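Q: Structural data only, the sequence is not supplied:
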């Protein structure tokens, strides 16, 4: 009997009955398993913490589950060089805490931190809220150990900041969602832990584009800017209504888009002054109509709680459809307006909430309730129809998995999809690794 | 007749007689050329600015040269979002100047900036002196347009900071040295131009490891630290002797390793204070024995000129052998000592100078004169024998090309090299793109 927890990811959808679970405790055991599966053409479902929402980790019919959860050791931590090497099964939060205890910082952070595993973070190129400053997981990976379908082992993980000895196989593995190889170990570069952090919530003037505000903040705050999250008015209202934050907002926020801004620095007073001056200038210029600045870490947490009320908001509109769109920040406002209008026509009973990581162009939306497959499809069709093909992304951070596969051709050209399939066939000719994910072969 | 300039790269070695030069003016023309060459199995030498030193761009016997020099347009510059899209043939320096004129910064910088082209920078994952802060070219690339051997076009270049819609073909192309595809266009992310920069030269105490000093500087200066270059005493002496810098150094520098440190920031006074306090603490702790801090940009240039005297130093020991080694910074001091000793035994008539980008582990050496191939090989064998295999790199930034190919197996495992060959065969089955570079097929 296979334990329940191995049967799906956070999206909850099931795709078939797997035949077993393997929990290897070494790279050698992973290689041995894949060699056997490859020889017999047995499909494998690769699993980390199963916190994805694209159906990538959920096993399909007849698949053997390969869970990396027992490769959960932090294997080497270079405290002088700021480099950590960890097994795929290490929890993101454990990695974060380990390095922070020594004055270093691993800047990738996502809501699932307590459950997701770094192998999955790498395989899906996890993003989160600090991409505006630190980039995605890809930007923190120095090197990987990965096992290919035939049991070949790529590795040891590169640990050098500069290494041009041959192709970067690691870069190809990052974001390939377990379809090209199984990540077993990763080396990450760290940054010195920022001693000070400040958070503010900004009410944006109606005539100001999100991209203009982002530009003004980047000009003034430069590298101090570590998060720039946006919420449209319906989202803010609903977040306050569900009450996760346990606070209200001043009147200036009513009906306005709210931006959650975070800055980091070395000196508390200097950072505070810099933030204050920036906000004062933007208020004087009419760019902002109101601001709330955190004066304590509890304050900051309450502001972040508004942004992170998404679970509670979703709970009120189940079954909902979630979106993970990528588009230039200067398209966000226009898109949200057009989407609201189209949804009101097409599926008037549903509510929609828009929010996201405007600093990196990642716009999230949840729409619901969408009780039937027809409703779901109608909503997806509506929103995707508003996105210019090829220059926008149907999945900015969640990954393709199974759920976004049918829309992949909106974001990647036919030549690109053909080239991806060529790589898939070259590295996994028997198509045993996560079949049916990312590409239809 | 083929113009002289197309016949080799900056290493000067020739590899054969090419049959012609093509100078396409569009991606479509590149695709058309490659389709034809692919159909007839004609080998192609891909060229940017030919400033490499690994023999990658130098044409081989019977090859048709494909120069990207006419794809030299800056095609789009998003001044609000900080994104630039440019043709492969744009000079690095032109790109830098274009963005700096608008308050943005393209952080990749190498000595060849006035001649190298951004397509080549991408294809070789160029590094340089600011990798400690900004990473290699890979970290600035958002997306690429590239033409595969069969004329398929990957693109348009991704311009989103977050996009997980399918494999990152761009990441695979970066650093593949034109053997997997031809980069025709690139989208880069920019950072706000740092308003202030300060440079200092530090004389390191004999008992202090370079890696310890780097750690201390990173802890104190954090993100302000934008370059950390090291020169061993022989190099400093020779640089002063050749006189490019037009200045001398205080007595404390005699016989010491010198570190060139650069910091960047938003505020001149704050940055100066931060640097001064850091240096004072390190002098008090006995980590540094002397320092020179630039008080003007002319001062700073003179300090950089010491570090950049490598051309003049090489000129005095021709024919020399150059090294581009990657190893953890805590191995640098031991390596240099052991290498000096071994070279003194094996090739006593030759001089050797060691210097490099200690901030990213990249250690350069020049050894000469080495008049015969036997001398060259003896020197290479000596230095590589001191490097532990797999965890060090025979080419940190210059790339494999033809010259480092025979040493690739010191830095990459047999499984990895086999996987690279699998990718090469998958994307270029007729082996027309830069044959004989990177891999022996």
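A: Structure received. Worth saying up front: this structure is predicted, and the values here are computed from it rather than measured.
Q: Centre of the chain to stretch A:8-16, how far?
A: 18 Å (Cα atoms, centre = their mean, to the nearest Å).
Q: quick one: contacts of that stretch?
A: For stretch A:8-16, the surrounding residues in contact (Cβ atoms under 8 Å, 6 or more residues apart in numbering or on different chains) are A:7, A:50-63, A:112, A:401-403, A:436. In this view, the C-beta of every residue, glycine as well, is placed from N, C-alpha and C.
Q: Quick check on those: which are buried?
A: A:7, A:50-60, A:63, A:112, A:401-403, A:436 (16 or more other Cβ atoms under 10 Å in any protein chain shown).
Q: residues of the top helix by length along chain A that come out buried?
A: The residue-count maximum for a helix in chain A (DSSP state H) belongs to helix A:268-284. Burial within helix A:268-284, assessed by neighbour count using 16+ other Cβ under 10 Å, is assigned to A:270-272, A:274-275, A:278-279, A:282-283.
Q: other SSEs contacting that helix?
A: strand A:196-204, helix A:210-221, strand A:257-265, strand A:288-293 (3 or more Cβ pairs under 8 Å, 6 or more residues apart in numbering or on different chains; DSSP states H and E).
Q: Could you report the separation of residue A:24 from chain B?
A: From residue A:24 across to chain B, the span is 18 Å (Cβ to the nearest Cβ, to the nearest Å).
Q: what does the model give the residue lying closest to residue A:267 once chain neighbours are set aside for pLDDT?
A: Computed as Cβ to Cβ, 6 or more residues apart in numbering or on different chains, the closest residue to residue A:267 that is not its neighbour in sequence is residue A:196, at 6.7 Å. Residue A:196 carries a pLDDT score of 95 in this model.
Q: burial measure for residue A:196, as a count.
A: Residue A:196 has 15 neighbouring residues, counting by other Cβ atoms under 10 Å in any protein chain shown.
Q: Next up, the contacts around it.
A: Neighbouring residues of residue A:196 by Cβ under 8 Å, 6+ apart: A:264-268, A:271.
Q: Nearest to chain B among those?
A: Using Cβ to the nearest Cβ, residue A:266 comes nearest to chain B of these, at 5.6 Å.
Q: so what's the closest one up against?
A: Residue A:266 makes contact with A:194-196, B:222, B:274 under the criterion Cβ under 8 Å, 6+ apart.
Q: State the pLDDT value of it.
A: pLDDT, read off for residue A:266, is 90.
Q: what's the answer for residue A:1, then?
A: 88.
Q: Please apply the same query to residue A:30.
A: For residue A:30, the predicted pLDDT is 98.
Q: How far does the helix or strand containing it sit from its chain's centre?
A: Using DSSP states H and E, the element containing residue A:30 is helix A:27-40. Per Cα atoms, centre = their mean, the displacement of helix A:27-40 from the mean C-alpha position of its chain is 30 Å.
Q: Does it reach chain B?
A: No - Helix A:27-40 lies apart from chain B when judged by Cβ under 8 Å from any Cβ of the partner chain; the minimum separation is 9.6 Å.
Q: Tell me if stretch A:135-148 is near chain B.
A: Yes - using Cβ under 8 Å from any Cβ, stretch A:135-148 reaches chain B at A:135-136, A:138-139, A:148.
Q: wait, I meant stretch A:150-160
A: Yes - judged by Cβ under 8 Å from any Cβ, stretch A:150-160 comes into contact with chain B at A:152-156, A:159-160.
Q: Which one of those is nearest to residue A:384?
A: residue A:154 (35.4 Å; Cβ to Cβ).
Q: Over to that closest one: give its phi and psi.
A: phi -90, psi 130 (degrees, to the nearest 10).
Q: just residue A:422 next, same as before
A: As for residue A:422, its main-chain torsions (degrees, to the nearest 10) stand at phi -60, psi -40.
Q: There's contact between it and residue B:424 in this structure, I believe.
A: No - the pair residue A:422 / residue B:424 is not scored as a contact, 11.8 Å apart, by Cβ atoms under 8 Å.
Q: more neighbours, the two?
A: The neighbour count for residue A:422 versus residue B:424, taken as other Cβ under 10 Å, is higher for residue B:424 (22 against 17).
Q: so which strand or helix has the more buried one?
A: Short version, using DSSP H and E: residue B:424 is in helix B:414-427.
Q: As a check, name the ranges of all helices in chain A.
A: A:27-40, A:92-100, A:118-123, A:131-134, A:169-173, A:210-221, A:233-242, A:268-284, A:297-307, A:310-315, A:332-346, A:373-385, A:414-427.
Q: Would you reformat those helices as JSON lines and include distance to residue B:250?
A: Shown next, in JSON lines, are these (distance: least, Cβ to Cβ, whole Å):
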{"stretch": "helix A:27-40", "distance to residue B:250": "53"}
{"stretch": "helix A:92-100", "distance to residue B:250": "39"}
{"stretch": "helix A:118-123", "distance to residue B:250": "48"}
{"stretch": "helix A:131-134", "distance to residue B:250": "39"}
{"stretch": "helix A:169-173", "distance to residue B:250": "44"}
{"stretch": "helix A:210-221", "distance to residue B:250": "38"}
{"stretch": "helix A:233-242", "distance to residue B:250": "60"}
{"stretch": "helix A:268-284", "distance to residue B:250": "32"}
{"stretch": "helix A:297-307", "distance to residue B:250": "46"}
{"stretch": "helix A:310-315", "distance to residue B:250": "59"}
{"stretch": "helix A:332-346", "distance to residue B:250": "56"}
{"stretch": "helix A:373-385", "distance to residue B:250": "66"}
{"stretch": "helix A:414-427", "distance to residue B:250": "56"}
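Q: Residues of the stretch 251-400 of chain A that sit close to chain B?
A: Near chain B, when you scan the stretch 251-400 of chain A using Cβ under 8 Å from any Cβ, you find A:266, A:270, A:274, A:326-330, A:357, A:359-362, A:390-400.
Q: Please convert the buried members of those into ChimeraX selection syntax.
A: Remark: buried members of these, expressed as a ChimeraX selection using 16+ other Cβ under 10 Å:
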select /A:266,270,274,326,327,328,329,330,357,359,360,361,362,391,392,393,394,395,396,397,398,399,400
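Q: Which of the residues of the stretch 251-400 of chain A next to chain B fall in strands?
A: A:326, A:357, A:362 (DSSP state E).
Q: Redo these as JSON lines? Include pLDDT.
A: Shown next, in JSON lines, are those (pLDDT from 0 to 100):
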{"residue": "A:326", "pLDDT": "98"}
{"residue": "A:357", "pLDDT": "95"}
{"residue": "A:362", "pLDDT": "97"}
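Q: neighbours around the closest residue to residue A:239 other than its chain neighbours, how many?
A: Nearest-residue entry for residue A:239: residue A:309, 3.9 Å, with adjacent residues in sequence omitted and distances by Cβ to Cβ, 6+ apart. Residue A:309 has 24 neighbours, counted by other Cβ under 10 Å.
Q: next one: residue A:164
A: 33.
Q: Residues of the stretch 51-200 of chain A that sit close to chain B?
A: When proximity is defined as Cβ under 8 Å from any Cβ, the stretch 51-200 of chain A approaches chain B at A:78, A:80-82, A:103, A:124-125, A:127, A:131-132, A:135-136, A:138-139, A:148, A:152-156, A:159-169, A:171-172, A:174-176, A:180, A:191-192, A:194.
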